[in-house]
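Peer 1: have a look at this fold, sequence not included:
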């Protein structure tokens, strides 16, 4: 199966700062998603973004499928943005998303 | 539409016991997948069911099993619990082919003592 590499593994920010999280795939990927895992463990869907760019409030994401990577931008970060961010995608004929190890984000007030 | 519902939210079991977890997918979604999340191993795929058939299986021992009912609701069972089975178990539902992505429930946190 595909390998998913996320960077950075850990990120500490002051409230109001901007950040970029990256996800690299070892092979072409379909059905790419970004999730935020809240403190209670639930994975919240942020973006379904097989290609192109999407924006939702302070968050935006870009996937360059031909180069096998995706970026998640967080602007004007808030303490409620803290948590773990995962990217995941399917590849080939598989319908099962493969997850990266996540980026742990801490935003200090 | 209601989201993915997992029950129970928390469980404490003793080594050697068995446990059954339940997952109700989003209405219209026929694919249900299960994941185990532990601090050391991250998110690991357990199995996927589609139209009552196990379509994919991860690398877990036979103590982990599941099934899916005609209404797409799914259950997973873990027999002869071990301390290492303590984890957050997450269920996800999606449309056929995974188009539109996977949607997760709140998870069941299992503690084995």
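Peer 2: Yes, it's here. Small disclaimer: the values here were computed from a predicted structure and weren't measured. Numbering: from 1, shown residues only, chains lettered A, B, ... in the order given.
Peer 1: how about the strands in the chain?
Peer 2: The chain I'm using is chain A. A:4-7, A:10-14, A:19-25, A:30-37, A:43-48, A:52-56, A:59-64, A:69-74, A:83-90, A:98-99, A:103-108 (DSSP state E).
Peer 1: um, chain B though
Peer 2: Under DSSP E, chain B gives strands at B:5-7, B:10-13, B:19-24, B:31-38, B:42-50, B:53-57, B:64-68, B:74-78, B:87-94, B:103-104, B:108-112.
Peer 1: could you export those as a markdown table, including distance to residue A:54?
Peer 2: No exception for glycine: its C-beta is placed from N, CA and C like everyone else's. Output for the strands of chain B, formatted as a markdown table (distance: least, C-beta to C-beta, whole Å):
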| stretch | distance to residue A:54 |
| --- | --- |
| strand B:5-7 | 27 |
| strand B:10-13 | 35 |
| strand B:19-24 | 28 |
| strand B:31-38 | 23 |
| strand B:42-50 | 23 |
| strand B:53-57 | 28 |
| strand B:64-68 | 32 |
| strand B:74-78 | 30 |
| strand B:87-94 | 19 |
| strand B:103-104 | 17 |
| strand B:108-112 | 31 |
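Peer 1: residue A:5 reaches residue A:24, doesn't it?
Peer 2: Yes. Residue A:5 lies in contact with residue A:24 (C-beta atoms under 8 Å); the separation is 4.5 Å.
Peer 1: look up how far residue B:4 lies from the residue nearest the centre of chain B.
Peer 2: Centroid-nearest residue in chain B: residue B:34, 3.3 Å away (criterion: C-alpha atoms, centre = their mean). Noted for residue B:34: a distance of 11 Å to residue B:4, by C-beta to C-beta, to the nearest Å.
Peer 1: give the residues shared as contacts by these two.
Peer 2: Shared contacts of residue B:34 and residue B:4 (C-beta atoms under 8 Å, 6 or more residues apart in numbering or on different chains): B:23, B:91, B:92.
Peer 1: quick check: the first one touching residue B:105?
Peer 2: Yes. With contact taken as C-beta under 8 Å, residue B:23 and residue B:105 are classed as touching, separated by 6.0 Å.
Peer 1: any common contacting residues for these two?
Peer 2: With C-beta under 8 Å, 6+ apart as the test, residue B:23 and residue B:105 both reach B:4, B:5, B:6, B:91.
Peer 1: now the residues you listed in TSV, with distance to chain A, pLDDT and neighbour count?
Peer 2: Supplementary listing: the shared contacts of residue B:23 and residue B:105 in TSV, determined by distance: C-beta to the nearest C-beta, whole Å; pLDDT from 0 to 100; neighbours: other C-beta atoms under 10 Å in any protein chain shown:
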residue	distance to chain A	pLDDT	neighbour count
B:4	10	96	23
B:5	12	97	15
B:6	9	97	21
B:91	10	97	28
